[in-house]
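Asks: Got a sequence here, can you build the structure:
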Amino acid sequence: MKTKIKSKSRGFGDTIARFTHFFMLDKFAMWFATKILKKEDCGCERRRDKLNNLLPYKNNKVYDTKALYDSGLFGDSQRDDTPHSES
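Replies: Residues are numbered from 1 along each chain as shown. Okay, here's the model as predicted:
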């Protein structure tokens with residue numbers, strides 16, 4: 001089963017899913033479950049839904065992280081690792 005990462009996060013489970021997808025840990029978990037443990041599924045979706053229900057974001061508000069990133073609220077898209085200086 002292939003997990004699709006959506007741009008809107010409902011809770012902490014979606015945040016963890018983004019993290020694991022970024023580092024390709026979701027693919028490793030699926031491989032490990034199917035090849036090593038001989039299971040049909042790794043259970044990621046079940047845990048994701050459970051975490052979303054246990055730790056939803058405030059007022060169950062759905063955050064569109066792509067729109068927030070594209071809005072320019074956090075500056076340009078280029079990373080700046082210089083430390084902040086006090087004025």
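Asks: where does the chain have its least confident helix or strand?
Replies: Lowest by mean pLDDT, DSSP states H and E among the helices and strands of the chain is strand 63-64, with a mean of 58.
Asks: So which residues of this structure form helices?
Replies: Counting by DSSP state H, the chain has helices at residues 12-22, 25-31, 44-54, 65-70.
Asks: Dump the ones you listed to CSV, plus mean neighbour count, distance to residue 38 and mean pLDDT.
Replies: C-beta here means a position set from N, CA and C on the backbone, and glycine is covered the same way. Below are the helices of the chain laid out as CSV (neighbours: other CB atoms under 10 Å; distance: least, CB to CB, whole Å; pLDDT from 0 to 100):
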stretch, mean neighbour count, distance to residue 38, mean pLDDT
helix 12-22, 17, 22, 91
helix 25-31, 15, 12, 93
helix 44-54, 15, 17, 90
helix 65-70, 12, 36, 65
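Asks: can you list those helices in JSON lines and add distance to residue 37?
Replies: Output for these, formatted as JSON lines (distance: least, CB to CB, whole Å):
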{"stretch": "helix 12-22", "distance to residue 37": "17"}
{"stretch": "helix 25-31", "distance to residue 37": "10"}
{"stretch": "helix 44-54", "distance to residue 37": "13"}
{"stretch": "helix 65-70", "distance to residue 37": "32"}
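Asks: residue contacts, residue 39?
Replies: Applying CB atoms under 8 Å, 6 or more residues apart in numbering, we find residue 39 in contact with residue 33.
Asks: Looking at it now. What's its pLDDT?
Replies: pLDDT recorded at residue 39 is 92.
Asks: next one: phi and psi at it?
Replies: In terms of degrees, to the nearest 10, the main-chain angles of residue 39 are phi -110, psi 160.
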